[in-house]
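Colleague: Could you look at this predicted model? Sequence included:
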Amino acid sequence: MSKSISIFDTTLRDGTQGEGISLSADDKVKIAKKLDALGVHYIEGGIPGSNSKDIEFFKRVHDLGLTSKVTAFGSTRRKGSIAEQDANLLRILESGVSAATLVGKSWDFHVHTALQTTLEENLAMIYDSIAFLKQKGLEVIFDAEHFFDGYKNNPEYAVAVLSKAREAGADWLVMCDTNGGSLPHEISSIVASLAGPLPGAPLGIHTHNDCELAVANTLSAVQAGVQHVQGTMNGYGERCGNANLCSIIPNLQLKLGYECIGDDNLRTLTNTARYISEIANVNMPVNQPYVGNAAFAHKGGIHVSAILRDSRTYEHIEPEKVGNKQRVLVSELAGQSNIVSKAQDMGLTFDPASEQSKHIIGKIKDLEHEGYQFEGADASLELLLREANGEFKELFTFESFKMLVEKSAGQPVVSEAFVKVNVAGESIYTAAEGNGPVNALDNALRKALVQYFPTLKEMHLADYKVRVLDDKDATAAKVRVLIESKNFENSWNTVGVSSNVIEASWEALVDSMRYALLGQISPEQVHESAARQGLVNH
């Protein structure tokens, strides 16, 4: 039987320290739900009480019913104080979590320089803090900060730190390569050396990527006996980032035979990575191993000829094992199985051999080439597939829109949208203001349609993100707009792409309305209902 590895995700805490990453409380809730579905064992939510976003997150996360353990992060008590009165530890208790991550110094240089205290007091701080939380019934993960640098400088003291944490009852002893400067052979050797002074200790690893070795160092630590792995999705984190769980998990599971999240969960890895990339609004490298768009892409020459005979010639695993797909960049042969799988997930009958299906597959591939990304916009993809299957009836059609944005000195910007749509053969022209161009368009379109489709009153725009697709074109670059919409029961995501951000927003906005109206009455019934209400002439 394979050996199990505990996966600890710190995207919501350590990952947010990366440059350019800022997550709202809503973003953190969405990512937590996605990580839970992936099957990670721990989700580190943040630092309770440090900011309003983390306070809101910990209040909301209890109602999500997650299987993963949500942990709160904090440091050991302050020097010269007592744990029972430490504000940081009390905030962890107030957050209501069942597990906590405590960080403490394990490098004597840091104890003297950063904490400006004695080595003995640092050990007492570690012991008191862990023991206090254990007495309150919490599971405690102890992160020994700068452990490997500390071990190289003073191995006796670094080991004493872990021993003191274990004595206090810590459930995991996590060794941190905080500066990211260690090499795999050093990690392996140091971890192995702990078997003597800490026999049977529950060891963990937390590495940073400053030498491009965070993943390799993590694998070395596991092979040396570590059973708990910390990292972030897509390797987000301070400076050069943290260890990338998108590489660590499949390497452990597919290459080394460890059990991390289960095979079915592993097949959702690519979707999870890309979803989190969209939520974080950070461009995902196309060449990112396992989950990148080009991870299993082939272009020209003997490579394509060979993989068409047997993909093993140029692919180290079957891409479907991590939820990715093979792409042949010089032909139209790629992507079909992925689309068929998507259709099946949506409950649609989809025959890839039919001419109509081949047409829509080609259309989707063309759209992806233009910059559309359907991994984070399933609603837009479902509309395309339903249309191809003849299962979609257009309830309204777009005719035109105009925008007026006015700014006067000393006054706020005023945005007004004029929208013209056709419902059941009748043109409806409406105008509405908003707190921005997109909000004005949303209000005007909703105003035009809600008289025919009252259920749209229950729908609202929940999130809006813009990504520049090719920054070399500066202000003329294409942008991709991702919109999340919600009603009382569901949420869905739609996408639009254009060199004009308003047009891209409009595309995504219209799709969000079209998706909300799936299963609504036919255009003919709309016309009859409107006529009865005196909205149109017979």
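Modeller: All right, it came through fine. All of these numbers come straight from a predicted model, not from anything done at the bench.
Colleague: Could you use CA atoms for every contact and neighbour count after this?
Modeller: Will do.
Colleague: what's residue 517 sitting at in phi/psi?
Modeller: phi -100, psi 0 (degrees, to the nearest 10).
Colleague: How about the contacts made by it?
Modeller: 395, 453, 456 (C-alpha atoms under 8 Å, 6 or more residues apart in numbering).
Colleague: any idea which residue sits dead centre in this structure?
Modeller: Nearest to the geometric centre of the chain sits residue 276, at 1.8 Å (C-alpha atoms, centre = their mean).
Colleague: That one touches residue 31, doesn't it?
Modeller: Yes. Between residue 276 and residue 31 there is a contact under C-alpha atoms under 8 Å: 6.3 Å.
Colleague: between these two, what contacts are shared?
Modeller: Counting by C-alpha under 8 Å, 6+ apart, nothing touches both residue 276 and residue 31.
Colleague: hmm, back to that, quick check: the residue nearest to the centre of the chain is in a helix.
Modeller: Yes. Assessed with DSSP: H, G, I helix; E, B strand; the rest coil, residue 276 lies in a helix.
Colleague: Would you check how far apart it and residue 47 are?
Modeller: 20 Å (C-alpha to C-alpha, to the nearest Å).
Colleague: With residue 224 instead?
Modeller: Distance from residue 224 to residue 47, by C-alpha to C-alpha: 31 Å.
Colleague: of those two, who's got more company?
Modeller: residue 47 (24 against 18; other C-alpha atoms under 10 Å).
Colleague: where does this structure have low pLDDT?
Modeller: Filtered on pLDDT under 70, the chain yields the residue ranges 1-2, 299-305, 308, 328-342, 344-345, 352, 375, 471-476, 520-538.
Colleague: Give me the neighbour count for residue 167.
Modeller: So residue 167, with other C-alpha under 10 Å, has 12 neighbours.
Colleague: Locate it within the secondary structure: which element?
Modeller: helix 155-168 (DSSP states H and E).
Colleague: which strands and helices sit next to that helix?
Modeller: The contact analysis (3 or more C-alpha pairs under 8 Å, 6 or more residues apart in numbering; DSSP states H and E) places helix 155-168 against helix 119-135, strand 139-145, helix 147-153, strand 172-177.
Colleague: Report the angle between the helix or strand following the shortest one and helix 155-168.
Modeller: Just to be clear, that refers to strand 172-177. Moving toward the C-terminus from strand 172-177, the first helix or strand encountered (DSSP H and E) is helix 184-193. For helix 184-193 against helix 155-168, the angle by axes from the mean of the first three to the mean of the last three C-alpha atoms, to 10 degrees is 50 degrees.
Colleague: And the contacts of helix 184-193?
Modeller: 148, 151, 213, 216, 217, 220, 221, 223, 224, 225, 226.
Colleague: For the fifth one, which non-adjacent residue is spatially closest?
Modeller: Once flanking residues are discounted, residue 217 sits nearest to residue 184: 4.7 Å by C-alpha to C-alpha, 6 or more residues apart in numbering.
Colleague: Any figure for the gap between residue 171 and residue 323?
Modeller: 33 Å.
Colleague: Next: residue 264.
Modeller: 9 Å.
Colleague: more neighbours, these two?
Modeller: A direct count of neighbours by other C-alpha under 10 Å for residue 264 and residue 323 places residue 323 higher, at 19 against 13.
Colleague: so which of the helices and strands packed on helix 155-168 comes closest to residue 98?
Modeller: strand 139-145 (6.3 Å; C-alpha to C-alpha).
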